[in-house]
Structure formats: C-alpha cells, structure tokens
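Visitor: Next input, structure requested:
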Amino acid sequence: MDRRNVRNDLQAQLGADLDRAGYYPRLVQGVLDIALAGEEVRAYLVHPETTFDSREVRRHLTALALTPTRLVMAHVDDVPGEDVPSAAATTEAVPLGRIASVALTHGVSDPASTHGGMRSDELTIAVTWGGAQQVDLAPAGCSDPECDADHGYTGLLTPEDVVVRVSAQAEGDKALEQALGFARALSVATVSAT
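Guide: Below is the predicted model of the structure:
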C-alpha cells in the first residue's frame, strides 16, 4: 500500500480538533502532515495550553498522533518579543519500538468511593525514549560548615521527552476522555512494538 496518501476519519477529526483549539490550526496541520509522511493516524491528542506571567500571555499547543509505526509530536509556541505575531513549530517522530516507557499518572478524587471502576479527574501522560535529557547541576558540599574545599558538582539527570497533563476541571470531561483513549491506544501500541 502507498503510505503517502493514506487519510482516515481520525485525521479529519484531528483537523477539526486543531480548528477548535484555535491556535494556528493550519500551521499545526501543515507541520503534522509533513511529519506523518502519509501514515495513517490511529489515535491522537490535541492539548492547547495558555500560561500567564506578570508581563505576557504565552500560548503552546502539543499534538500527538499515533501511527502504525511511530508516535508523531508537534509542539507550537508563541515567540515572544516580536512586533508581528510569530510562532515556532517543532515536530518529532519516534518509532514505537524506541519508546522506553509510557507513564500514566491518574489524579482521582475520593478514591475510597471507587467500586469496581475508576473515575480519573486528571491524567498525566509521560513518554520517554531517550531523545533528550535535562541536567540540573549544583555545587556539591559536605556536612562540615567550616569546610571550604571544592567538592565539585552534584547533579540530576532527567529524561525530557514529552509530558502532557489533562484535567477535567481545566479542559473539561471530553478532553479527559480523549486523553484516556489516547493513553490506552499508546499503551497497546508500545506493547505490540516490543
């Protein structure tokens, strides 16, 4: 089969969800189309975020698309300080066999009342494949307060691949259901890729 022209209903739904997110939908769809390289979308997640600080509002969108062979990610951010609105769009495609872990953290209110089921209030999806690592260094020391020797540095190496948090309270129940569905599809895909 020629993978360059595969389109399906999920890709149409992905486009509609990008339109609903309202953050440069044509840009996001364009960079995703290039990264998908014609592969069929089997599951997806669109997650817009807006952050506020004392000086400005920043928008960010993460779109994840699961294909038969890869996890394709697009990240789009506002570029601050420009006179004309500007954005940076980055895509990355990871073969499913390279994914090292899929960590799902469920936030559950009133966990004692769950009888035979679970009602998540939020979900954090963390996917690692060793693509990037963040190093936090700090001067090392010792317990002697009078010591002035150079003890070098100590550090923490943290995988920095992709983390998406979806909350029913912030994004709504439908967004959380979509995130849970994507998490299930990704979990199944990574099991069968090993």
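
Visitor: Count the neighbours of residue 33 for me.
Guide: By other CB atoms under 10 Å, the residues close to residue 33 number 15. (Each C-beta comes from the backbone N, C-alpha and C, glycine too.)

Visitor: So it, which state does it fall into?
Guide: Here residue 33 is recorded as helix under DSSP: H, G, I helix; E, B strand; the rest coil.

Visitor: residues contacting the nearest residue to residue 86 once chain neighbours are set aside?
Guide: The shortest distance from residue 86 to any non-neighbouring residue, by CB to CB, 6 or more residues apart in numbering, is to residue 79 (4.0 Å). Contacts here follow CB atoms under 8 Å, 6 or more residues apart in numbering; on that basis residue 79 touches 86, 87, 88.

Visitor: before we move on, what about residue 152?
Guide: Residues in contact with residue 152 (CB under 8 Å, 6+ apart) are 139, 140.

Visitor: quick revisit: so which of the contacts of residue 79 is the most crowded?
Guide: In terms of neighbour count, residue 87 stands highest of those at 16 neighbours, by other CB under 10 Å.

Visitor: I'd like to know how far it sits from residue 17.
Guide: To residue 17, residue 87 is 18 Å away according to CB to CB, to the nearest Å.

Visitor: Do a quick rundown of the strands in this protein.
Guide: Using DSSP state E, the strands of the chain run over 43-52, 57-66, 70-78, 87-95, 101-107, 122-128, 133-139, 153-159, 162-167.

Visitor: show me where pLDDT drops low in this structure?
Guide: Applying pLDDT under 70 to the chain flags residues 1-8, 82, 114-118, 131-136, 155-160, 193-194.

Visitor: which one in it is furthest away from the centre?
Guide: The outermost residue of the chain relative to its centre, with distances by CA atoms, centre = their mean, is residue 146 at 46.2 Å.

Visitor: in the chain, which helix has the most residues?
Guide: Looking across the chain with DSSP state H, the single longest helix is helix 173-192.

Visitor: Run through the neighbouring helices and strands of that helix.
Guide: Here helix 173-192 touches strand 43-52, strand 57-66, strand 101-107, strand 122-128, strand 162-167, going by 3 or more CB pairs under 8 Å, 6 or more residues apart in numbering; DSSP states H and E.

Visitor: Please export the C-alpha coordinates of it as PDB.
Guide: Extracted C-alpha coordinates of helix 173-192, given in PDB (Å, rounded to 0.1, in the frame of the first residue of the first chain):
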ATOM      1  CA  ASP A 173     -14.600  15.900  30.700                       C
ATOM      2  CA  LYS A 174     -14.500  15.400  27.000                       C
ATOM      3  CA  ALA A 175     -10.800  16.400  26.800                       C
ATOM      4  CA  LEU A 176     -10.000  14.000  29.700                       C
ATOM      5  CA  GLU A 177     -11.900  11.100  27.900                       C
ATOM      6  CA  GLN A 178      -9.900  11.800  24.700                       C
ATOM      7  CA  ALA A 179      -6.600  11.800  26.700                       C
ATOM      8  CA  LEU A 180      -7.600   8.500  28.400                       C
ATOM      9  CA  GLY A 181      -8.400   7.000  25.000                       C
ATOM     10  CA  PHE A 182      -5.100   8.100  23.500                       C
ATOM     11  CA  ALA A 183      -3.300   6.700  26.600                       C
ATOM     12  CA  ARG A 184      -4.900   3.300  26.000                       C
ATOM     13  CA  ALA A 185      -4.100   3.300  22.300                       C
ATOM     14  CA  LEU A 186      -0.400   4.300  23.000                       C
ATOM     15  CA  SER A 187      -0.100   1.600  25.700                       C
ATOM     16  CA  VAL A 188      -1.400  -1.100  23.300                       C
ATOM     17  CA  ALA A 189       0.900   0.100  20.500                       C
ATOM     18  CA  THR A 190       4.000   0.100  22.600                       C
ATOM     19  CA  VAL A 191       3.300  -3.400  24.000                       C
ATOM     20  CA  SER A 192       2.900  -4.800  20.500                       C
END
